[in-house]
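Student: After the sequence you'll find the predicted model.
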Amino acid sequence: MYNTATGNGIPRQQECHQSHATNGYLIPRRQSASLRRPRFVYNTHPMAQVTFLGAAGCVTGSKHLVAVGGKRLLVDCGLFQGGHELKDRNWQPLPADPKAIDWVVLTHAHLDHTGWLPRLVRAGFHGPVFADAATIELAEILLRDSAHLQEEDAEHAARGKYTRHATPLPLYTREDIDPVLRLLKAIPRAGSFIISPEFSLRSFDAGHILGSASLELTINEDGKRMVVVFSGDIGPYSQPILKPPQTPPQADFVLCESTYGDREHPGGSALDALADIVNRVAQRGGSIVIPSFAVGRTQTLMYLLRQLEDYHRIPHLPVYIDSPMAVSATDLYLRHREDHDVEFAREETSGNRDPLNTHEFHLTRTPEESKQINKVTSPCIILSASGMATGGRILFHLARRLPDRRNAVVLAGFQAEGTRGRALLEGTKMLRIHGQEVPVCAEVVEMGQLSAHAGKSELLRWLGGFATPPRMTFLVHGEPAAASALKTSVETALKWNVSIAAYLQTVELNA
Ligand SMILES: [Zn+2]
């Protein structure tokens, strides 16, 4: 039974239990009817409601459900990644009826924003999924690869008997992907796109990965108008290849990511940092393993490595991209010029026809080819997914290379709580991989300069780009410490109203 009174399709028992008012704006967290009688005058019916179905209290599983006048729009449909508690949520039914959701809209293609679509569709969602054209192409690659890797991991777990499940199953299979792809519909990169009488959208560059956007959602109901901005993932202003992020002009409400809300990225050039580590490891005869989301960071790394090679700052080492997905994604990066920043556009026209590939690179598509990399004993660089070492082929490379102190692991992206990447970052001496304890002797290097996310001051810069303060800013997509630190910073620096989104919380937005 769904609570139709709230119109959001969320079962009443799963709602949170507090309420408070901020500057006349009500944030109800459900209570019993008697307790819910407001002490303040509440003379308007809420125009819209947003329910945080993911990326609240964590950085994965992005799903924000907007309900207006009986219509429901889901912004992003991401996979939870991290510890068992988070991953188990992927197996649970969505706490809202998928059949009652009218539309999905995507901010970008990363799996923590798209990777639960196959489950949503399998559970009965059949409406359009709107996204940027590049996002649609990347999502196809990512979803097919995600299904493939899950099948591979489940098979491997069953063979090795190191799973806590009696019969390890993939969350979805390759057969689940085509029904999702049929629902994807492109929206314009600029200008307004009308979804329905209630909703229209505008996209703004987010500078995070190819096709990434912040979405300005205009809600119309009974002649009233309200603007809600979803930041998506915001890239750093100095991200190579892509245009920098752009703040929409105005918002009544903002849902802003807070991944690095408590941290700045290290200063200095990414090229210098990368040159140091490559030369250091090559000189001692070691290899570098880089857990890398195959979309985004792989292309950034290849671009930087190619520049270092061209400037003769590093030796020409073999680079192995152990993911068929990375290959296709690189083609897309070159093709979607509307996303390219000025420098990259100049690079492409300057005669460097292959700016995203190093001089000696190898693409490995099959598991057999992947295993061949184990036999390489001279210095090399290996890039493979997943980026937080939660699964995928990177685990085989880590198991093989971690015990040798000549090697290095470069952590270039955010490493969520509960992941092997986070354990490495925190200095673990043993890492459990495929049921075995692997000693960590290799050097572990964090390269925040390569992050695809804005650091704390860049998030403040993005927020500061709104012409007037939003009535409320909800912080999503951040671990508790990061969201809390950003809340304090925004309150202090911008004097805005800020609230940290809670998992399954519903908030009412008043015009
Ligand atoms: Zn992302």
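Tutor: Happy to help now that I have it.

Student: Contact residues of this protein facing the ion?
Tutor: Residues of the chain found near the ion (Cβ under 5 Å from the ion) are 110, 233. Bear in mind the C-beta positions are built from the backbone N, C-alpha and C, glycine included.

Student: Mind telling me which residue of the stretch 351-500 of the chain is nearest the ion?
Tutor: Here the stretch 351-500 of the chain gets closest to the ion at one residue, A452, 6.5 Å apart by Cβ to the ion.

Student: residues contacting the residue of the stretch 51-200 of the chain found nearest the ion?
Tutor: Of all residues in the stretch 51-200 of the chain, the one sitting closest to the ion is H110 (3.5 Å; Cβ to the ion). Counting by Cβ atoms under 8 Å, 6 or more residues apart in numbering, H110 touches 78, 142, 209, 233, 293, 295-296.

Student: before we move on, the earlier item: so the residue of the stretch 351-500 of the chain closest to the ion touches G235, yeah?
Tutor: Yes. Contact between A452 and G235 holds when scored by Cβ atoms under 8 Å: they sit 5.7 Å apart.

Student: other SSEs contacting the helix or strand where V327 lies?
Tutor: For V327, the host element (DSSP states H and E) is helix 324-335. When contacts are defined as 3 or more Cβ pairs under 8 Å, 6 or more residues apart in numbering; DSSP states H and E, helix 324-335 packs onto helix 133-160, helix 297-310, strand 361-363.

Student: how about the ones you listed in a markdown table, adding mean pLDDT and mean neighbour count?
Tutor: Below are the helices and strands packed on helix 324-335 laid out as a markdown table (pLDDT from 0 to 100; neighbours: other Cβ atoms under 10 Å):
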| stretch | mean pLDDT | mean neighbour count |
| --- | --- | --- |
| helix 133-160 | 88 | 20 |
| helix 297-310 | 92 | 21 |
| strand 361-363 | 89 | 17 |
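
Student: Can you say which of the ones you listed is nearest to L425?
Tutor: helix 297-310 (15.6 Å; Cβ to Cβ).

Student: quick one: A147 from L79, how far?
Tutor: 11 Å (Cβ to Cβ, to the nearest Å).

Student: what's around H434, how many residues?
Tutor: Using other Cβ atoms under 10 Å as the criterion, H434 is surrounded by 15 other residues.

Student: my bad, S214
Tutor: 29.

Student: Give me the pLDDT for it.
Tutor: Note on S214: pLDDT of 98.

Student: Kindly report the same for H84.
Tutor: pLDDT at H84 comes out at 86.

Student: next one: the one 5 residues further on
Tutor: In the predicted model, R89 carries a pLDDT score of 96.

Student: Please name the residues that touch it.
Tutor: 54, 61, 80.

Student: can you pick the most crowded of those?
Tutor: G54 (30 neighbours).

Student: what's the distance between the nearest residue to G83 once chain neighbours are set aside and K71?
Tutor: For G83, ignoring the flanking residues on the chain, the nearest one in space by Cβ to Cβ, 6 or more residues apart in numbering is G418 at 2.7 Å. From G418 over to K71 the distance is 36 Å, taken as Cβ to Cβ.

Student: what does R182 give?
Tutor: From R182 to K71 the distance is 22 Å (Cβ to Cβ).

Student: Below-threshold pLDDT in the stretch 351-500 of the chain: ranges please.
Tutor: Applying pLDDT under 70 to the stretch 351-500 of the chain flags the ranges 351-353.

Student: thought A123 was touching L94?
Tutor: Yes. A123 is within contact range of L94, at 6.6 Å (criterion: Cβ under 8 Å).

Student: neighbour-wise, which of those two wins?
Tutor: For A123 versus L94, the count of surrounding residues by other Cβ under 10 Å is larger for L94: 22 against 14.

Student: Go ahead and report the secondary structure state at that one.
Tutor: Assigned by DSSP: H, G, I helix; E, B strand; the rest coil, the conformation of L94 is coil.

Student: Could you do Y320 as well?
Tutor: strand.

Student: Sketch out the strands for the stretch 401-511 of the chain, chain order is fine.
Tutor: 408-411, 430-433, 436-439, 443-446, 472-476, 498-500, 506-509 (DSSP state E, counting those that start in this stretch).

Student: Can you say which of those strands is nearest to I101?
Tutor: Here strand 506-509 is closest among the strands of the stretch 401-511 of the chain (Cβ to Cβ), at 14.9 Å.

Student: packing partners for that closest one?
Tutor: Against strand 506-509 (3+ Cβ pairs under 8 Å, 6+ apart) you get strand 25-28, strand 48-52.

Student: Walk me through which strands the last one pairs with, and which way each runs.
Tutor: This means strand 48-52. strand 64-68 (antiparallel), strand 506-509 (antiparallel) (DSSP bridges).

Student: what is the mean pLDDT for that strand?
Tutor: Rounded mean pLDDT across strand 48-52 is 96.

Student: how much does it deviate in direction from strand 472-476?
Tutor: 20 degrees (axes from the mean of the first three to the mean of the last three Cα atoms, to 10 degrees).

Student: hmm, who's touching strand 48-52?
Tutor: Under Cβ under 8 Å, 6+ apart, the answer for strand 48-52 is 6-8, 10, 63-68, 96, 219, 221, 226, 228, 253, 255, 474, 476, 501-509.
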